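A.B. asks: next comes the sequence, and after it the predicted model I'd like to discuss.
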Amino acid sequence: MRLYPSYRSLCALLGGSAMALCAAGVAAQAPADGSPRTNAFNDPFVQVTHAIDQCPVPEGPLYTEAEVRELAHVRSQHGGSCHRVGRCRLPNSYLYDAEIIPRVQRYIQQDGRFDDTSVWVLGERRLVTLKGCVQSQAQSEALEKAVWLVDDVMGVINLLQVGTARDNLRYPALPP
């Protein structure tokens with residue numbers, strides 16, 4: 001069973017031993033059989049800035065066939081509930097992501113304050129997850145606040161880190 005990216009994000013927000021337990025849970029979820037993984041749900045995931053060369057590259061939204069089957073029902077319920085309760089004009093909140101992420105990318109690139117970062121953005125259910133490396137905590141907070149200003153964004157999950165160290169990485173990354 002795959003952990004939801006939002007669960008991974010919540011784990012990353014925890015500190016100390018609680019984060020270590022979550023990291024162990026995430027590692028336990030990796031497919032042991034080497035099953036091929038794809039972005040079967042077409043969750044938009046793009047790199048929006050490229051200035052920090054040694055920044056750990058985040059793993060994209062990848063799922064095995066079994067995970068896709070497990071998540072399909074949950075994703076349809078989560079996506080449709082937004083419309084049912086009147087919080088979304090579209091019938092499924094995942095439908096916004098293909099529009100939101102290019103606007104987030106354009107906004108970050110046009111802003112200018114984030115040109116010295118390496119940042120990837122993931123869209124899922126109108127939630128934008130920020131991953132990558134920034135120069136300071138203040139810059140991380142400014143970037144999070146900026147993304148909140150993009151129309152249709154329902155939430156921002158900030159997993160950015162200051163610097164490039166892999167020892168306290170707040171997101172699953174590709175091997176170096």
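C.D. replies: Yep, that arrived. Because the structure is predicted, anything quoted here is derived from the model rather than measured.

A.B. asks: what comes up buried for stretch 76-83?
C.D. replies: For stretch 76-83, burial by neighbour count (16 or more other C-beta atoms under 10 Å) applies to 78-79, 82. To be clear about C-beta, it is placed using only N, CA and C from the backbone, and glycine gets the same treatment.

A.B. asks: could you point out which element follows the least confident helix or strand in the chain by mean pLDDT?
C.D. replies: Lowest by mean pLDDT, DSSP states H and E among the helices and strands of the chain is helix 16-28, with a mean of 36. Counting by DSSP states H and E, the next helix or strand C-terminal to helix 16-28 is strand 45-50.

A.B. asks: what mean pLDDT does that next one get?
C.D. replies: What strand 45-50 shows for mean pLDDT is 98.

A.B. asks: what distance do you get for the most centrally placed residue in the chain to residue 121?
C.D. replies: The centroid of the chain falls nearest to residue 129 when counting by C-alpha atoms, centre = their mean (3.3 Å). Separation of residue 129 from residue 121 (C-beta to C-beta, to the nearest Å) stands at 7 Å.

A.B. asks: now residue 140
C.D. replies: 14 Å.

A.B. asks: check which helix or strand the residue nearest to the centre of the chain maps to.
C.D. replies: Counting by DSSP H and E, residue 129 is part of strand 127-134.

A.B. asks: so what sits opposite the residue nearest to the centre of the chain in the bridge?
C.D. replies: Per DSSP bridges, the residues bridged to residue 129 are residue 122, residue 157.

A.B. asks: could you give the number of residues near residue 137?
C.D. replies: As a burial measure, residue 137 scores 11 neighbours (other C-beta atoms under 10 Å).
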